[in-house]
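# Make a model of this:
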Amino acid sequence: MEIRTAASPKDVKNYTTERLREEFLIQGLFRSDEIKLVYSHIDRIITGTATPVSGKLQLTAGEKLRADYFLQRRELGVINIGGKGDITIDGRTYEVDSRDGMYIGLGAKDISFASRDGSNPAKFYLNSTPAHKAYPTVLIKREGNAGEGVVIIKAENKVELGSLEESNHRVICKYILPGQVESCQLVMGMTSLKPGSVWNTMPCHTHDRRMEVYLYFDIPETAFVMHYMGEPAETRHIVVRNEEAVISPSWSIHAGAGSRAYTFIWGMAGENQAFNDMDAVAMKDLK
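Numbering: from 1, shown residues only. This is a model prediction of the structure:
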């Protein structure tokens, strides 16, 4: 598990491109038959991936968590962006299709990941935050029928925003949030841009009560996303390629413009789970 420390905005505005990327960009995700984890001191979020190809991958606490098992003091959100896979939790196996998600609550001990087809492996993207209460573990599906341990994303949590004229026509699909899938602090979802649109989270915002991590994907090898961060009047950028993630402190804007349309997963950690609790930044105030 890699450890990333917190950063002050007073320092960040003096960072070089290399230092910005070292502190905030997460590369090398989705490695075959590996679980990769990055622990950030910013709200103690863990961002990671599990990419099982030839067999099961077991999620363990490792040495740096100082825990008996990974979710002893934590909760976990998962979204699969690859082929069909399975997540087994304390003996129960959930079939997780592409773009399905899971919320796994505090106290789950035995967690493993597997692919249905190693030639088209599942790609499980993980966000984990500290937890104080055990909420039910559930499989999260965009369509279908709800059942025991299965939640279907509500219509009101599939939101279409923006316009092609403003290059930000997108669909926001909310997976983990109050009123649909309860958690201690984790909020998680996925945004897909419509063809011809390239901007996400624009107009942009900050939220002092929580931080955020973006995973960018569905980006061809010849394309990229320019991710914008920093204080509204002191912005910086990071060039992001396919299946790379960016850590955004609470004081920073977080927005991107791609060379073409793409998809990204957003995960938030902090003391406030209200999706609309944000401080908007007027276009004229960006510098």
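
# drop to CA atoms for contacts and neighbour counts, all remaining ones
OK.

# just checking, Thr235 touches Ala255?
No - using CA atoms under 8 Å, Thr235 makes no contact with Ala255, being 10.7 Å away.

# shared neighbours, the two?
Listed as contacting both Thr235 and Ala255 by CA atoms under 8 Å, 6 or more residues apart in numbering are Tyr228, Met229.

# of the two, who's got more company?
Between Thr235 and Ala255, Ala255 has the larger neighbour count (other CA atoms under 10 Å), namely 20 against 16.

# For Tyr216, give me its contacts.
By CA under 8 Å, 6+ apart, the neighbours of Tyr216 are Val225, Val240, Arg241, Asn242, Glu243, Glu244, Ala245, Tyr262, Thr263, Phe264, Ile265.

# Please apply the same query to Gln185.
With contact set as CA under 8 Å, 6+ apart, Gln185 has these partners: Thr129, Pro130, Ala131, Met268, Ala269, Gly270, Glu271, Asn272, Gln273.

# 7 Å instead, please
Applying CA atoms under 7 Å, 6 or more residues apart in numbering to Gln185 gives the contacts Ala269, Gly270, Glu271, Gln273.

# again, but for Glu271
Going by CA under 7 Å, 6+ apart, Glu271 touches Gln185, Arg209, Arg210.

# hang on, Ile42 packs against Ala6?
Yes - using CA atoms under 7 Å, Ile42 is in contact with Ala6, at 5.4 Å.

# what about the two, which has more around it?
Neighbour totals were compared for Ile42 and Ala6, and Ile42 leads with 20 against 13 (other CA under 10 Å).

# so where does that one fall, helix or strand?
In the assignment (DSSP states H and E), Ile42 maps to no helix and no strand.

# Over to Glu23?
helix 17-24.

# Give me the buried positions along that helix.
For helix 17-24, the neighbour count (16 or more other CA atoms under 10 Å) marks Leu20, Arg21, Glu23, Phe24 as buried.

# confidence score at the first one?
Right, Leu20. Leu20 is assigned 97 on the pLDDT scale.

# and what of the third one?
Here, the pLDDT recorded for Glu23 equals 97.

# ok, the residue nearest to it when sequence neighbours are not counted - contacts?
Counting by CA to CA, 6 or more residues apart in numbering, Arg4 is the residue found nearest to Glu23 once chain neighbours are left out, at 6.8 Å. Applying CA under 7 Å, 6+ apart, we find Arg4 in contact with Glu23, Tyr39, Ser40, His41.

# quick one: which helix or strand includes the second one?
It refers to Tyr39. strand 34-40.

# Which SSE is immediately downstream of that strand?
strand 46-51.

# partner strands of that following strand, parallel or antiparallel?
strand 34-40 (antiparallel), strand 124-130 (antiparallel) (DSSP bridges).

# nearest to Asp86, of the ones you listed?
Closest approach to Asp86 among the strands paired with strand 46-51 (CA to CA): strand 124-130, 9.8 Å.

# ok, residues contacting that closest one?
Against strand 124-130 from outside (CA under 7 Å, 6+ apart): 44-51, 73-81, 186, 267, 269.
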